[in-house]
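> No letters, just coordinates:
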């Protein structure tokens, strides 16, 4: 009787896990489809790929797509309990770590672009050019590459690394507690810097909004709302840093609660931030919205490209 009850409980647990994975697949396909549609729209007009603002937006969409694909791949591999050799896991970790930082860094650059456009309008055409987007993107990628580079260097220097296949997750590269603390300190320093930039931009745009009137006032208020939304998205990314700390504490209490909490954190702090960019720029930006509408309706929109 006890064996039947245990077997039934195991089947129910496996069924619930399977259903959760299916829900994630639906969300990932939905978000990837939206992002793909927005990226296709980006290439429909010269004004988009010759403007720093839209170039940064497209860069965020691409980074989000890679993050969604890699995180979903790891979820499926963990669900199937499929181990990977060391070097493919290193490659996945590097890509996932870099893209994880690309989104908040690009959001910060987009916030600065709005600050220049509203608070320094006479210099906007000079500072925020399509040519200037390249060094900005190179700097963003260099900063995003730093945390995983330090983590891997410390791993290969301090650990007796084993090339045998294992379940791929970031914890396998952190063999000592101080390495985890260092990784967290780097991440928190980056996000503190980004938070300061967003608050600085918000304060100055708010002052410009109060002082402006007419069309300038409308543009300033719209820019203010954009910065607020960027701040909210950055907050979700920041919470993601502290989620593992809470998960480890919960693991000591209840394994099932830990599994449910980790699933919730994945939905809220990895998937959710990746769907906010389309809402912020894809729908709120008038030019992009009309181009998207025209593209989706196959040219039947009243607004011509």
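Ah, there it is. All values reported here derive from a predicted model rather than from experimental measurement.
> I'd guessed residue 201 sits against residue 111; true?
Yes. Counting by CB atoms under 8 Å, residue 111 is a contact partner of residue 201 at 4.9 Å. (Glycine included, C-beta is placed from N, CA and C.)
> which neighbours do those two share?
residue 227 (CB atoms under 8 Å, 6 or more residues apart in numbering).
> Now do residue 149, the pLDDT please.
On pLDDT, residue 149 comes in at 91.
> Report the rounded mean pLDDT for stretch 192-210.
Per-residue scores along stretch 192-210 average to 85.
> going forward, begin numbering at 7 instead of 1
Right, with 7 as the first residue, what we last looked at is stretch 198-216.
> What sits closest to residue 79 if chain neighbours are left out?
residue 98 (7.2 Å; CB to CB, 6 or more residues apart in numbering).
> Please apply the same query to residue 71.
Leaving aside its sequence neighbours, residue 71 sits nearest to residue 41 (CB to CB, 6+ apart; 5.2 Å).
> got a list of what the one you found touches?
Contacts of residue 41 by CB under 8 Å, 6+ apart are 67, 70-71, 74, 280, 283-284.
> if I pick the residue nearest to residue 79, what's in contact with it?
Shown in contact with residue 98 (CB under 8 Å, 6+ apart): 76, 79-80, 90, 174.
> Report the two of those separated the most.
76 and 90 (12.5 Å; CB to CB).
> separation between the residue nearest to the spatial centre of the chain and residue 162?
Per CA atoms, centre = their mean, the C-alpha nearest to the average position across the chain is that of residue 109, at 4.5 Å. For residue 109, the distance to residue 162 equals 27 Å [CB to CB, to the nearest Å].
> Likewise for residue 245?
Noted for residue 245: a distance of 30 Å to residue 162, by CB to CB.
> So for those two, which residue has more residues nearby?
Here residue 245 and residue 162 are set side by side on neighbour count (other CB atoms under 10 Å), and the busier one is residue 245, at 14 against 11.
> The host helix or strand of the more buried one: which residues count as buried?
Using DSSP states H and E, residue 245 sits in helix 220-257. Buried residues in helix 220-257, counted by 16 or more other CB atoms under 10 Å: 225-230, 232-233, 235-237, 239-244, 246-247, 249, 256.
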